[in-house]
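Asks: I need the structure of the sequence given here:
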Amino acid sequence: MITESFPIEIQKTPQSRIYELEEGLKKFGRIFSDHMFVADYKEGKWENAQIIPYGNFSLSPATSAIHYGQAIFEGLKAYKNRAGEVLVFRPFDNMKRMNKSAERMCMATIPEELFKQALFTLLKIDRDWVPQVEGSALYIRPFMFATDEYVGIKPSDNYKFSIIMSPVGAYYSEPVRVKIETFYSRSVEGGTGTAKAAGNYAASLYPAKLAQEKGYHQLVWTDAKEHKYIEESGTMNIMFVIDGVLVTPPLSDTILHGITRDSVLKLARHYGIPVEERKISVDEIIEAHNKGLLQDMFGTGTAATIAHVQLFNYNDKDYELPPVENREFSNRVKKHLDKIKTGEAEDIFNWTVNIDKM
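Replies: Numbers count the residues shown, from 1 in each chain. Next up, the predicted model:
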């Protein structure tokens, strides 16, 4: 079977594993749908586009991504509406961001038509893997890595682009406890912090492990120069409501340009809520907390959507936040986003793509 617009060869699995879907909702990112998309970049062009049964890659020990870290990825989600149609949330924004990451990591970019055809064809084939349970979704992971069989420092000439999908439930089962980091840094000016590069996440694992050993779920990263200003939190952008104003750090080359972040800011402005994208010092957050003006603190990201912060720690002191049930804005925007994603609310910004109408 060959698709018409972009040639994708399709080989379907002889035996579906759809019975694993329910288990996938209990273990985030552990269970994968029946099929995956793969394509290769060779001699300056993309070729061998295929949808095949989910399985392992065969790689040379000299594969350059293993040695020099040219690897990027994205994360987005698909949902079902009441009619059983599959809706994808802001896929074209993920595509654009992936290509920006590719440019920063000196990798081949992915043609828009290839990304679209790969994603929508794969979703149509594995549509039964999109759960309809409240709070669940099909998590979609596009990724690309260098495949030169060469041990030497240079940009790869060859790449593999793939998409895998995983049925998921909630990323966090409870409000999170976070620790403000004052020593380690996630990114620096002029670095790769704005790219979804694999190495960025690898570098964060050790300091995050130290925080988890002390009972915290995640870190809040601060600027690398002074460790004075808030940047982002673990796998998420971070936001505060201070005396009725939604405040979040401005985008820069040290902060990931989050798609959920952008969605929350657009909805806040639509609600008429004051929004400030500016530098926020740790001292300002503590002062607002002590004065009773820190009304909300939460993370935003594809995996968690909205992750309420229960408390933050700074210099070995915990600061408790107001009860989650009393937080007006984050609860409102989370419910609104969930309804937009599942077709229950008007999509005023045209964010969702209905693959059954493509």
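Asks: okay, strands next: where are they in the stretch 151-300 of the chain?
Replies: 159-168, 176-180, 218-222, 230-233, 237-242, 245-248, 275-277, 294-301 (DSSP state E, counting those that start in this stretch).
Asks: closest to residue 315 out of the ones you listed?
Replies: Set against residue 315 and scored by C-beta to C-beta, the strands of the stretch 151-300 of the chain come closest in strand 176-180, at 8.2 Å. (Glycine included, C-beta is placed from N, CA and C.)
Asks: show the model's pLDDT score for residue 329.
Replies: The model reports residue 329 with a pLDDT of 98.
Asks: same question for residue 61.
Replies: As predicted, residue 61 sits at a pLDDT of 98.
Asks: again with residue 3
Replies: If you check residue 3, the pLDDT there is 45.
Asks: packing partners of the helix or strand hosting residue 117?
Replies: Taking DSSP states H and E as the criterion, residue 117 maps to helix 112-125. Packed against helix 112-125, as judged by 3 or more C-beta pairs under 8 Å, 6 or more residues apart in numbering; DSSP states H and E, are the following elements: strand 35-42, strand 45-53, strand 86-89, helix 91-104, strand 137-146, strand 159-168.
Asks: of all the ones you listed, which lies closest to residue 235?
Replies: Going by C-beta to C-beta, the one of those nearest residue 235 is strand 137-146, 12.7 Å.
Asks: out of the helices and strands packed on helix 112-125, flag the one nearest residue 197.
Replies: Within the helices and strands packed on helix 112-125, the stretch nearest residue 197 is helix 91-104; the backing value is 6.2 Å (C-beta to C-beta).
Asks: ok, now how distant is the residue nearest to residue 300 when sequence neighbours are not counted from residue 315?
Replies: The shortest distance from residue 300 to any residue other than its chain neighbours is 4.3 Å, reached at residue 260 (C-beta to C-beta, 6 or more residues apart in numbering). Note on residue 260: its distance to residue 315, by C-beta to C-beta, to the nearest Å, is 29 Å.
Asks: settle it for me: which of these two has more neighbours?
Replies: residue 260 (22 against 9; other C-beta atoms under 10 Å).
Asks: correct me, but that one touches residue 298?
Replies: No: contact between residue 260 and residue 298 fails when scored by C-beta atoms under 8 Å: they sit 10.7 Å apart.
Asks: flag every buried residue along the helix holding residue 117.
Replies: By 16 or more other C-beta atoms under 10 Å, the buried positions in helix 112-125 come out as 114, 115, 116, 117, 118, 119, 120, 121, 122, 123, 125.
Asks: of all the helices and strands packed on helix 112-125, which one comes closest to residue 198?
Replies: Of those, nearest to residue 198 by C-beta to C-beta is strand 137-146, at 7.8 Å.
Asks: next one: the closest one to chain centre, how far?
Replies: Relative to its chain's centre, strand 137-146 lies at 10 Å (C-alpha atoms, centre = their mean, to the nearest Å).
Asks: returning to that earlier point: what are the contacting residues of the helix holding residue 117?
Replies: Contact with helix 112-125 is made by 3, 5-6, 8, 10, 12, 34-37, 39, 46, 49, 51, 78, 86, 88, 91-92, 95, 98, 130, 138, 140, 142, 161, 163, 165, 355, 358, as judged by C-beta atoms under 8 Å, 6 or more residues apart in numbering.
Asks: can you redo the buried residues of helix 112-125 as a markdown table with pLDDT and distance to residue 55?
Replies: Formatted as a markdown table, the buried residues of helix 112-125 follow (pLDDT from 0 to 100; distance: C-beta to C-beta, whole Å):
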| residue | pLDDT | distance to residue 55 |
| --- | --- | --- |
| 114 | 96 | 21 |
| 115 | 97 | 22 |
| 116 | 96 | 24 |
| 117 | 96 | 21 |
| 118 | 97 | 17 |
| 119 | 98 | 19 |
| 120 | 97 | 22 |
| 121 | 97 | 18 |
| 122 | 98 | 14 |
| 123 | 98 | 19 |
| 125 | 98 | 15 |
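Asks: could I get those residues as JSON lines with distance to residue 209?
Replies: Listed next are those as JSON lines, based on distance: C-beta to C-beta, whole Å:
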{"residue": "114", "distance to residue 209": "37"}
{"residue": "115", "distance to residue 209": "34"}
{"residue": "116", "distance to residue 209": "38"}
{"residue": "117", "distance to residue 209": "40"}
{"residue": "118", "distance to residue 209": "35"}
{"residue": "119", "distance to residue 209": "33"}
{"residue": "120", "distance to residue 209": "38"}
{"residue": "121", "distance to residue 209": "39"}
{"residue": "122", "distance to residue 209": "34"}
{"residue": "123", "distance to residue 209": "35"}
{"residue": "125", "distance to residue 209": "38"}
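Asks: skip the chain neighbours and tell me the closest residue to residue 288.
Replies: Nearest residue to residue 288, sequence neighbours excluded (C-beta to C-beta, 6+ apart): residue 294, at 4.2 Å.
Asks: list the contacts of residue 135.
Replies: Applying C-beta under 8 Å, 6+ apart to residue 135 gives the contacts 169, 170, 338.
Asks: what does the helix or strand bottoming out on mean pLDDT in the chain contact?
Replies: Every helix and strand in the chain was compared by mean pLDDT, DSSP states H and E; the lowest is helix 21-24, with a mean of 92. Helix 21-24 has contacts (C-beta under 8 Å, 6+ apart) with 30, 31, 32, 128, 129, 131, 166, 167, 168.
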